[in-house]
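Trainee: make a model of this:
(one chain, ligands or ions: 2)
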Amino acid sequence: MKIHEYQAKEILAKYGVAVPKGEMANTPEEAAAVARKLFAEGANGVVVKAQIHAGGRGKGGGVKVAKNRDEAETHVKNILGMQLVTHQTGPAGQKVQRLLIEETAAIDRELYLGIVLDRATGKLVYMASQAGGMEIEEVAAKTPEAIFKEAIDPAVGFGAWQARKLAFALGLKPTQINAAVAFLQSLYKAFMDTDASLIEINPFITTKDDKLFALDAKITFDDNALFRHADIKALRDTAEEDPLEVEASKYALNYIKLDGTIACMVNGAGLAMATMDIIQYAGGSPANFLDVGGGATQEQIEHAFEILLSDAHVKAIFINIFGGILRVDRLATGVVAAAKKLNVKVPIVLRLEGTNVEEGRKILAESGLNFQVGATMKEAAELVVAAAKGVK
Ligand code: GDP
Ligand code: MN
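Mentor: Ligands and ions are numbered 1, 2, ... in the order given. Presented below is the predicted three-dimensional model:
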């Protein structure tokens, strides 16, 4: 689960991570009030920051510095409600519905800090770089030696010696080292306590008066651990997510929208991947990834159908099920019920194997509906690609 920058900063502040003074605003009036307050309290400038679940906002025009209240109000007017396009949003962009108004900092250096899980080694990796403020993906691709890494032993945790090593690698002044070590350790503690899967501070800045701040903050949480963090779960902003994915998550369906024309309903993530591959191989393109899970209920299958059909790009549906825990006859009953209830117009191709497959095929054949059944996965994929192209 992703959260906004202002939420990430609120969490980090609780762990003693220094963040600039500021507040979130939903309306131009709220934003103006925050700016007024910050100037009244002595700020030399404020920065108006679009809050969306994507990075690269600065380049896209979603981060603007203002020297006075008038400038701040102009930036607020321009940014709030804009369709912000960044390299992470895709061409359609994301509508800005919230702002963060913060006191500006007198930036000396822009550095980078990140903690992520390295799946290859099964360890967290603490990353630091002097090349902050820019796209870290680009730094990693062009000058990987500019990123320093410390692997964290899960049994030992992040050692103070490692924090010192990274602080020195960042080229910090002797007067900044102790504060940097504390900063790095606080960040690690926040990561562990919240069951995060990623924390990124880009830029992590030093100021002209020798202070350190998290100028930007990104935290992603492990969905599997959210059950034990009700406070974090409450930070979810579904306005930032794909509406169909939000709908799917209500029914515990693993759904990811893609941009093809063939909707897939599959049980098991591995089979879902293979299904997408074979659709491509047969010359089609999948409209989604959908894993209904091993023990899908008839109700879940109905909801899955509704979600697949809400995607206007869908031209055909491919149901590829291996009946294990989910018996094929139960699936077939669910499919028939859903297809009748929802008055499905697009062609449906199925490939069924496993427990009670004969009963399942019979239910489909006797339904009076026009299903095509492929004998093998390959044949079914070819049938569905042809159906999506309007060719029988
Ligand atoms: P991102 O583009 O989505 O990663 O947004 P950031 O929060 O990282 O902001 C982008 C850039 O705006 C930063 O790298 C800074 O250069 C600049 N910026 C952000 N806040 C301030 C600020 O308070 N003062 C100044 N001078 N620049 C800022
Ligand atoms: Mn950033």
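
Trainee: part of a helix, is residue 64?
Mentor: No. Counting by DSSP: H, G, I helix; E, B strand; the rest coil, residue 64 is not part of a helix but strand.

Trainee: assign the closest residue to it other than its chain neighbours to helix, strand or coil.
Mentor: Sequence neighbours aside, residue 75 is the residue nearest to residue 64 in space, at 4.1 Å (criterion: CB to CB, 6 or more residues apart in numbering). For glycine as for every other residue, the C-beta is placed from the backbone atoms N, C-alpha and C. Under three-state DSSP, the three-state class of residue 75 is helix.

Trainee: show me what contacts residue 297?
Mentor: residue 334 (CB atoms under 8 Å, 6 or more residues apart in numbering).

Trainee: return the distance of the longest helix along the chain from the chain's centre.
Mentor: In the chain, assigned by DSSP state H, the helix with the most residues is helix 174-193. Taking the mean of its C-alpha atoms, helix 174-193 sits 26 Å from the chain's own mean (CA atoms, centre = their mean, to the nearest Å).

Trainee: same question for stretch 225-236.
Mentor: 15 Å.

Trainee: any buried residues in it, and which?
Mentor: 229, 232, 235-236 (16 or more other CB atoms under 10 Å).

Trainee: go through those residues and name the one nearest ligand 1.
Mentor: Taking CB to the nearest ligand atom as the measure, ligand 1 sits nearest to residue 235 out of the buried residues of stretch 225-236, at 18.2 Å.

Trainee: can you tell me the element the closest residue in space to residue 136 that isn't next to it in sequence falls in?
Mentor: Leaving aside its sequence neighbours, residue 136 sits nearest to residue 112 (CB to CB, 6+ apart; 5.8 Å). Element membership of residue 112, judged by DSSP states H and E, is strand 107-118.

Trainee: re the thing from before, the residue nearest to residue 64: neighbouring residues, count only.
Mentor: By the criterion of other CB atoms under 10 Å, residue 75 has 25 neighbours.

Trainee: contacts only, for it.
Mentor: 48, 64, 66.

Trainee: pLDDT at the residue in the stretch 1-150 of the chain that ligand 1 sits nearest to, what is it?
Mentor: Among the residues of the stretch 1-150 of the chain, residue 58 lies closest to ligand 1, at 2.9 Å counting by CB to the nearest ligand atom. At residue 58, the predicted lDDT confidence score is 94.

Trainee: distance of it relative to residue 99?
Mentor: Distance of residue 58 to residue 99, computed by CB to CB, to the nearest Å: 14 Å.

Trainee: quick one: which of these two has more around it?
Mentor: residue 99 (27 against 17).

Trainee: list the contacts of the more buried one.
Mentor: With CB under 8 Å, 6+ apart, residue 99 has these contacts: 24-26, 31, 48-51, 76, 79-80.

Trainee: still on that earlier bit, can you get me a residue count around the residue nearest to residue 136?
Mentor: Applying other CB under 10 Å, I find that residue 112 has 24 neighbouring residues.

Trainee: again with residue 238
Mentor: Neighbours around residue 238, by other CB under 10 Å: 11.

Trainee: the closest residue in space to residue 238 that isn't next to it in sequence sits in which helix or strand?
Mentor: Among residues not flanking residue 238 along the chain, residue 246 sits closest, at 4.7 Å (CB to CB, 6+ apart). Using DSSP H and E, residue 246 maps to helix 243-250.

Trainee: downstream of that helix, the next helix or strand is which one?
Mentor: Later in the chain than helix 243-250, the nearest helix or strand by DSSP H and E is strand 254-257.

Trainee: now do the buried residues in that next one.
Mentor: Buried residues in strand 254-257 (16+ other CB under 10 Å): 254-255, 257.

Trainee: find the residue closest to the closest residue to ligand 1 within the stretch 201-350 of the chain in space, skipping its chain neighbours.
Mentor: Nearest residue of the stretch 201-350 of the chain to ligand 1: residue 216, at 3.2 Å (CB to the nearest ligand atom). Nearest residue to residue 216, sequence neighbours excluded (CB to CB, 6+ apart): residue 202, at 5.5 Å.

Trainee: is it true that that neighbour touches residue 138?
Mentor: No. In this structure residue 202 lies outside contact range of residue 138 using CB atoms under 8 Å: 11.8 Å.

Trainee: these two: which is more packed in?
Mentor: residue 202 (23 against 11).

Trainee: so who does that one touch?
Mentor: 55, 112-114, 132-133, 136, 216, 218.

Trainee: likewise residue 21?
Mentor: 38, 41, 43, 102-103.

Trainee: can you name the residue of the chain nearest to ligand 2?
Mentor: Relative to ligand 2, the nearest point of the chain is residue 216 (3.5 Å; CB to the ion).

Trainee: confirm that that residue sits in a helix.
Mentor: No. Counting by three-state DSSP, residue 216 falls outside a helix, being coil.

Trainee: count the neighbours of it for me.
Mentor: Neighbours around residue 216, by other CB under 10 Å: 24.

Trainee: that one touches residue 5, doesn't it?
Mentor: Yes. Using CB under 8 Å as the test, residue 216 is close enough to residue 5 to be in contact (6.3 Å).

Trainee: report how many residues lie close to residue 201.
Mentor: Residues near residue 201, counting by other CB under 10 Å: 29.

Trainee: what parts of the stretch 1-150 of the chain come near ligand 1?
Mentor: Residues of the stretch 1-150 of the chain lying near ligand 1 by CB under 6 Å from any ligand atom: 47, 49, 55-58, 63, 65, 104-105, 107, 110, 133.

Trainee: so where is this protein shaky, pLDDT-wise?
Mentor: 391-392 (pLDDT under 70).

Trainee: quick one: the helices in it?
Mentor: Using DSSP H, helices in the chain cover 5-14, 28-40, 57-60, 69-79, 136-142, 160-169, 174-193, 230-233, 243-250, 269-281, 298-309, 328-341, 357-365, 377-388.
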